[in-house]
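Visitor: no FASTA, just this:
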């Protein structure tokens, strides 16, 4: 994806008086795959891109085609529009990758080649060393939280005991990163993985997420703080959950709310200067631009209020909240919530979708061009 951005294959494109940001033309991408030896021929290129579609990595910009067509159609990487499905498995994979990159980038890293029972292992570390490092780098607040994170990484196949005999403990037991995140993978490897079993058991698979069955009482990744799982737009509000709730438990224990803290006030009257219809928003050449916002809720909520209906609009935004940090503004119209088209819904239904959805909220909004 980054190579395509650098090569200007991914860029904003205009079609039928509408601009589609960060997209590529399927036919041009197939040419690029062949030119850069990523595919032997057009048929192989199409199969590769279909694999990416099947794994929810790319999609048609309007989601009108479920298959990849080698034509002048616009497609987009989901990471470029915020629709990449960030489920728990993906979040722990990304967290593991982030930790690995951080470890291999420092001098005197705790990752070393070590020997146990006359066998040499790559990318190894002692459990207690990892605990110390996680606390020192601010990745965990205490040893208990660091152990929880280590267990989550092991349960998802990111790390493992070198002989695969132990779970993760704060001890001198030797572990290793099972995945080499820095090995450059070729797209054609996808075509050699013909089953979900192969995907889950190959450490060099581009889609390796090997979730183990934890024993009763073992942790799940939900026990890791959200602002540690994935850092997207929560830079404005990074106060800990402990300080916000007064609870000694460092983990999220309550569902975030959509409303503001008690000190924030919301104007009960509509902020819109005049009513706007869906037809007006979607008409060709309409003076509106679509934006994708990724908002990570904190202990208070997401920090905005939705009102109206068909379409709904943003009535108020907490200036110190996650929504404001993501670029949300009053008077924007809600186009989709977590990939679901919502222009035809009322604000009660949209609020319910948000409240019952994941803490990481992906919204598409329509904003008037000034």
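Guide: Ah, there it is. Predicted model only: the values in this text are computed from it and were never measured. Numbering: from 1, shown residues only.
Visitor: so where is the stretch 1-150 of the chain shaky, pLDDT-wise?
Guide: Low-confidence segments of the stretch 1-150 of the chain, defined by pLDDT under 70, span residues 86.
Visitor: how about the helices in it?
Guide: If you assign secondary structure with DSSP state H, counting those that start in this stretch, the helices in the stretch 1-150 of the chain sit at 2-6, 26-35, 42-54, 88-104, 127-136, 143-155.
Visitor: so which of the ones you listed gets nearest residue 357?
Guide: Between residue 357 and the helices of the stretch 1-150 of the chain, the tightest spacing by C-beta to C-beta is seen for helix 88-104, at 13.6 Å. Just so you know, the C-beta spots here come from the backbone N, C-alpha and C atoms, and that holds for glycine as well.
Visitor: Around residue 337, how many other residues sit close by?
Guide: A count of neighbours around residue 337, defined by other C-beta atoms under 10 Å, yields 21.
Visitor: Can you tell me the closest non-neighbouring residue to it?
Guide: Residue nearest to residue 337 in three dimensions, not counting chain neighbours: residue 353, with 5.0 Å by C-beta to C-beta, 6 or more residues apart in numbering.
Visitor: ok so, going back, just say which of the helices of the stretch 1-150 of the chain is most tucked in.
Guide: Between the helices of the stretch 1-150 of the chain, helix 143-155 has the highest mean count of neighbours, a mean of 22, where neighbours are mean count of other C-beta atoms under 10 Å.
Visitor: what about the residue lying farthest from the centre of the chain, distance to residue 282?
Guide: In the chain, the residue that sits farthest from the middle, by C-alpha atoms, centre = their mean, is residue 118; the gap is 40.5 Å. Computed as C-beta to C-beta, to the nearest Å, the residue 118 to residue 282 distance reads 68 Å.
Visitor: Same question for residue 115.
Guide: Relative to residue 282, residue 115 is positioned 65 Å away (criterion: C-beta to C-beta).
Visitor: cool, residue 109 as well?
Guide: Distance from residue 109 to residue 282, counting by C-beta to C-beta: 53 Å.
Visitor: Next: residue 168.
Guide: Separation of residue 168 from residue 282 (C-beta to C-beta) stands at 51 Å.
Visitor: So which of these two has more stuff around it?
Guide: Neighbours were tallied for residue 168 and for residue 282 using other C-beta under 10 Å; the higher tally belongs to residue 168 (25 against 14).
Visitor: Does that one touch residue 147 like I think?
Guide: Yes - between residue 168 and residue 147 there is a contact under C-beta atoms under 8 Å: 6.6 Å.
Visitor: Looks like the residue nearest to residue 337 contacts residue 339 (just checking).
Guide: No - when contacts are counted by C-beta under 8 Å, residue 353 is not listed as touching residue 339 (10.7 Å).
Visitor: who touches both of those two?
Guide: Counting by C-beta atoms under 8 Å, 6 or more residues apart in numbering, residue 353 and residue 339 have no shared contacts at all.
Visitor: Got phi/psi on the residue farthest from the centre of the chain?
Guide: The main-chain torsion angles of residue 118 are listed as degrees, to the nearest 10 and equal phi 70, psi 20.
Visitor: Might you report the residue contacts of it?
Guide: For residue 118, counting by C-beta under 8 Å, 6+ apart, there are no contacting residues.
Visitor: Beta-bridge partners for residue 19, please?
Guide: With DSSP bridges applied, residue 19 shows beta-bridge pairing to residue 14.
Visitor: where's it relative to residue 343, distance?
Guide: The separation that residue 19 has from residue 343, given C-beta to C-beta, amounts to 19 Å.
Visitor: now swap in residue 318 and tell me
Guide: Here the distance between residue 318 and residue 343 works out to 24 Å (C-beta to C-beta).
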